[in-house]
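1. everything below, folded, please.
(one chain, ligands or ions: 1)
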Amino acid sequence: MSTTTTLNPYHMALQQFELAADKLNLSEDMREILRQPKRELTVNFPVRLDNGRIKTFTGYRVQHNVNRGPAKGGIRYSPEVTLDEVKALAMWMTWKCAVVGIPFGGAKGGVICNPKIMSPGELERLTRRYTTEISIIISPRSDIPAPDVNTNPQVMAWIMDTYSMHEGYSTPAVVTGKPLSIGGSEGRNDATATGVLFVTRQAAKRIDMPLKGARVSIQGYGNVGATAARLFHNEGCKVVAVSDTRGGIYNEVGLDPSSVLRHKQEQGSVLNFRQSQNIGVQDVLEIPCDILIPAATEGVITAANADRVQARIVAEAANGPTTPEADEILYKKGTIVIPDILANAGGVTVSYFEWVQDIQSFFWGVEEITKKLEMIMNRAFAAVAEKADQYSCDMRLAANMLAISRVAEATQIRGIYP
Ligand code: NAD
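-> Numbering: from 1, shown residues only. Okay, here's the model as predicted:
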């Protein structure tokens, strides 16, 4: 298989799907339905830039499967967005919602743009026009976006406001990950990383590894990566390395995550943080550590570097960080990979809580949310671990089997329309 094929996220998602479908003896008819997204919308739309010129941007919204409930999934702003990437991320969202048992299907969106060189005004105009373009398929009952790479609560607020202006009344449940003041949920900002911590605790228990003192290395220092650093540090772990697009930093006695975050906010990168050694972007994946948390992007652990991964647990905060070839290498080495659809499902779970709270206009406290999240993450971890033991397979295959069988059952029971 060529490298391009391996690193195309949609091909990766299909490869993982077929592996699980084979193990489940899924019929060819059911595979035919589940392989393809239900809907793919491409939009090209003009935005006026600050210099007065017009630039046309391309965006996507893909809904993979909605048999278990409305489509749900984040929106990504990046120059690297492709339709195949959005299709893969939408499919993974379907499996993710099924594996944690929340009543949503999968979707994803993206706009090809570089938010780092855009002004807040340009980003707002882009967001409002993109929202308008995709509003023919999103709504609180059909498809609910959320944050992903390079989008944040402010972007979610613009989406909510634009959609509400069209409706003529406030519609907070159309998007999650909003600021608290307009119907966001307590605990949403930390939810993905909190979920990563909950399942990592369970994985560590399985191999009798105490989290206190465990060395953690994190790729990506954004929403998820920086929060994971803080939470794992508070848990007593030593965060020995972190990175962003420009490079990484390493300190074997442990970094202070809040100081690193302040440094990144001031300097634009984690690089050159005092009392640490600069390392390469890829080095964070290979340095000596007990827990590796990829929290950046897809296809970073591949056949080329998997055998140099030293961690005993890889907790996939990012979506699709490990290629199928790398999965095989890690499994043979005895590394526990907590797959993305399980490890980072805390985000969509608290997004589900936010949607429920918006619909009922009744809001819960952070303790209640964290307790419910922990229950859901632990229950999903236990179900996946049991399946992995039953089939003597890795946790990704087990999680996919569990998720795909749930989606297939819903699809079967509803029947084929007309
Ligand atoms: P973000 O934009 O806030 O942060 C991404 C970070 O990764 C940044 O620090 C960036 O510099 C770094 N990065 C990007 N490409 C990199 C590379 N090639 N090498 C090293 N660092 C790189 O995004 P986020 O919301 O934290 O999302 C990170 C990952 O987590 C994505 O895969 C996303 O799909 C996944 N995820 C996010 C959520 C959520 O709630 N935000 C939920 C589930 C999964």
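2. now the helices for the stretch 251-400 of the chain?
-> With helices called from DSSP state H, counting those that start in this stretch, the stretch 251-400 of the chain shows them at 257-267, 283-286, 324-333, 340-343, 346-360, 366-391, 395-414.
3. and those as TSV, adding mean pLDDT, distance to residue 219 and mean neighbour count?
-> The way it works is simple: take the backbone N, C-alpha and C, and place the C-beta from them, glycine included. Output for the helices of the stretch 251-400 of the chain, formatted as TSV (pLDDT from 0 to 100; distance: least, Cβ to Cβ, whole Å; neighbours: other Cβ atoms under 10 Å):
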stretch	mean pLDDT	distance to residue 219	mean neighbour count
helix 257-267	98	14	16
helix 283-286	98	5	23
helix 324-333	97	14	18
helix 340-343	98	13	30
helix 346-360	98	17	23
helix 366-391	98	21	17
helix 395-414	98	18	21
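4. figure out which of these is closest to residue 303.
-> Between residue 303 and the helices of the stretch 251-400 of the chain, the shortest separation by Cβ to Cβ is 3.9 Å, and it involves helix 324-333.
5. just to revisit the earlier point, dump the helices of the stretch 251-400 of the chain to a markdown table, plus distance to residue 165.
-> Converted to a markdown table, those look like this (distance: least, Cβ to Cβ, whole Å):
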| stretch | distance to residue 165 |
| --- | --- |
| helix 257-267 | 32 |
| helix 283-286 | 43 |
| helix 324-333 | 44 |
| helix 340-343 | 35 |
| helix 346-360 | 17 |
| helix 366-391 | 29 |
| helix 395-414 | 34 |
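6. of all those, which lies closest to residue 109?
-> helix 346-360 (14.0 Å).
7. show me what the closest one is packed against.
-> strand 71-78, helix 83-99, strand 143-147, helix 188-206, helix 366-391 (3 or more Cβ pairs under 8 Å, 6 or more residues apart in numbering; DSSP states H and E).
8. which stretch among those comes nearest residue 15?
-> Taking these one by one with Cβ to Cβ, helix 83-99 is closest: 10.5 Å.
9. next, count neighbours for the nearest residue to residue 69 once chain neighbours are set aside.
-> Spatially, and ignoring its direct neighbours in sequence, residue 69 is nearest to residue 103 (3.7 Å; Cβ to Cβ, 6 or more residues apart in numbering). Other residues lying near residue 103 total 14 when counted by other Cβ atoms under 10 Å.
10. can you give me the strands in the stretch 151-300 of the chain?
-> In the stretch 151-300 of the chain, the strands defined using DSSP state E, counting those that start in this stretch lie at 215-219, 238-244, 247-250, 277-279, 291-294.
11. pick the most deeply packed of those.
-> strand 291-294 (a mean of 29; mean count of other Cβ atoms under 10 Å).
12. what are the C-alpha coordinates of that one, in CSV please?
-> Extracted in CSV, the C-alpha atoms of strand 291-294 (Å, rounded to 0.1, in the frame of the first residue of the first chain):
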residue,chain,number,x,y,z
ILE,A,291,1.6,7.6,28.6
LEU,A,292,1.6,9.2,25.2
ILE,A,293,-1.3,11.5,24.3
PRO,A,294,-1.5,12.5,20.7
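13. mind checking how far that strand is from the chain centre?
-> With Cα atoms, centre = their mean, to the nearest Å as the basis, strand 291-294 stands 14 Å off its chain's centre.
14. adjacent strands (with direction) for it?
-> If you go by DSSP bridges, strand 291-294 pairs up with strand 215-219 (parallel), strand 313-315 (parallel).
15. returning to what we had before: just put the helices and strands packed on helix 346-360 in a markdown table and tack on distance to residue 153.
-> Output for those, formatted as a markdown table (distance: least, Cβ to Cβ, whole Å):
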| stretch | distance to residue 153 |
| --- | --- |
| strand 71-78 | 12 |
| helix 83-99 | 20 |
| strand 143-147 | 7 |
| helix 188-206 | 7 |
| helix 366-391 | 16 |
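16. nearest to residue 309, of the ones you listed?
-> Taking the helices and strands packed on helix 346-360 one by one with Cβ to Cβ, helix 188-206 is closest: 15.1 Å.
17. who are the packing partners of the closest one?
-> With 3+ Cβ pairs under 8 Å, 6+ apart as the test, helix 188-206 has helix 223-234, strand 291-294, strand 313-315, strand 336-338, helix 340-343, helix 346-360, helix 366-391 packed against it.
18. if we go to 7 Å?
-> Applying 3 or more Cβ pairs under 7 Å, 6 or more residues apart in numbering; DSSP states H and E, one finds that helix 188-206 makes contact with helix 223-234, strand 313-315, strand 336-338, helix 340-343, helix 346-360, helix 366-391.
19. and the first one, what's buried?
-> Yep, that's helix 223-234 we're talking about. Neighbour-count burial for helix 223-234, counted by 16 or more other Cβ atoms under 10 Å, picks out 223, 224, 225, 226, 227, 228, 229, 230, 231, 232, 233.
20. okay if I get the residues you listed as JSON lines plus pLDDT and distance to the ligand?
-> Shown next, in JSON lines, are the buried residues of helix 223-234 (pLDDT from 0 to 100; distance: Cβ to the nearest ligand atom, whole Å):
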{"residue": "223", "pLDDT": "93", "distance to the ligand": "4"}
{"residue": "224", "pLDDT": "97", "distance to the ligand": "4"}
{"residue": "225", "pLDDT": "98", "distance to the ligand": "6"}
{"residue": "226", "pLDDT": "98", "distance to the ligand": "7"}
{"residue": "227", "pLDDT": "98", "distance to the ligand": "8"}
{"residue": "228", "pLDDT": "98", "distance to the ligand": "9"}
{"residue": "229", "pLDDT": "98", "distance to the ligand": "11"}
{"residue": "230", "pLDDT": "98", "distance to the ligand": "13"}
{"residue": "231", "pLDDT": "98", "distance to the ligand": "13"}
{"residue": "232", "pLDDT": "98", "distance to the ligand": "15"}
{"residue": "233", "pLDDT": "98", "distance to the ligand": "17"}
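21. coming back round to it: how about the strands of the stretch 151-300 of the chain, which one is nearest the ligand?
-> When these are compared by Cβ to the nearest ligand atom, strand 238-244 sits nearest the ligand, at 3.4 Å.
22. now that closest one and helix 223-234, what's the angle there?
-> Inter-element angle recorded for strand 238-244 and helix 223-234: 170 degrees (by axes from the mean of the first three to the mean of the last three Cα atoms, to 10 degrees).
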